[in-house]
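J.: Build me a model:
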Amino acid sequence: MRHGNKINHLGRTHSHRKALLSNLAISLFLHKRINTTVAKAKALRVYVEPLLTKSKEDSTNSRRVVFSYLQSKEAVTTLFRDIAPKVADRPGGYTRIIKTGNRLGDNAEMCLIELVDFNTLLINEKVSAKAKTTRRGKKKKEDSSEAVVNTNQSDETLSSDSKTE
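T.: As a prediction, this is how the structure comes out:
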């Protein structure tokens, strides 16, 4: 029985699972999003989120702790230089899992796991949607009022021209 055993072993030995999660974490930090199975993504989220929390404090000790998990200087540098400043004000929930359907070969559930603050499409859509709705109403009112003013001015110029002749 598996009373209280909450870790998903992913059908691998301890050392193989450790290497798998480390490699997935490196890929996630370097590429900001990866495509994988749902089970691996859920295990990766548990592995990565404490590393992101640790990276908020840029000290020698925290860099060494993160390096002990990742074993990649490139990934640690990217994490502390690019990712940590963006997630500094976020209290948690640094990753997002989006299910993409089933894999063709073995029908495994696939998903996209990404860092929340690095999805530029969602960030741009939110900003532009607000801007469009507020500007649209103002333009209609301004255009109609300008049109009325312009017609009154043109009538006055016509009447003044006819008086001079």
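J.: neighbouring strands for the helix or strand where Thr36 lies, and are they parallel or not?
T.: Remark: Thr36 resides in strand 33-37, with elements defined by DSSP states H and E. Paired with strand 33-37 in the same sheet, following DSSP bridges, are strand 109-115 (antiparallel).
J.: Could you chop this structure up by domain?
T.: Following automatic domain parsing, one gets these domains for the chain: 14-117, 119-165.
J.: Distance from the longest one to the middle of the chain?
T.: I take that to be domain 14-117. 13 Å (Cα atoms, centre = their mean, to the nearest Å).
J.: again with stretch 114-127
T.: 4 Å.
J.: quick one, what contacts the nearest residue to Thr95 once chain neighbours are set aside?
T.: Setting aside the residues directly before and after it, Thr95 is nearest to Arg45 in space (Cβ to Cβ, 6 or more residues apart in numbering), at 5.1 Å. Backbone N, C-alpha and C define where each C-beta goes, glycine included. Going by Cβ atoms under 8 Å, 6 or more residues apart in numbering, Arg45 touches 95, 97, 113.
J.: The helix or strand that contains Arg45: which residues count as buried?
T.: For Arg45, the enclosing helix or strand under DSSP H and E is helix 38-55. Buried residues in helix 38-55, defined by neighbour count with 16 or more other Cβ atoms under 10 Å: 40-45, 47-48, 51-55.
J.: can you give me the angle it makes with strand 109-115?
T.: 10 degrees (axes from the mean of the first three to the mean of the last three Cα atoms, to 10 degrees).
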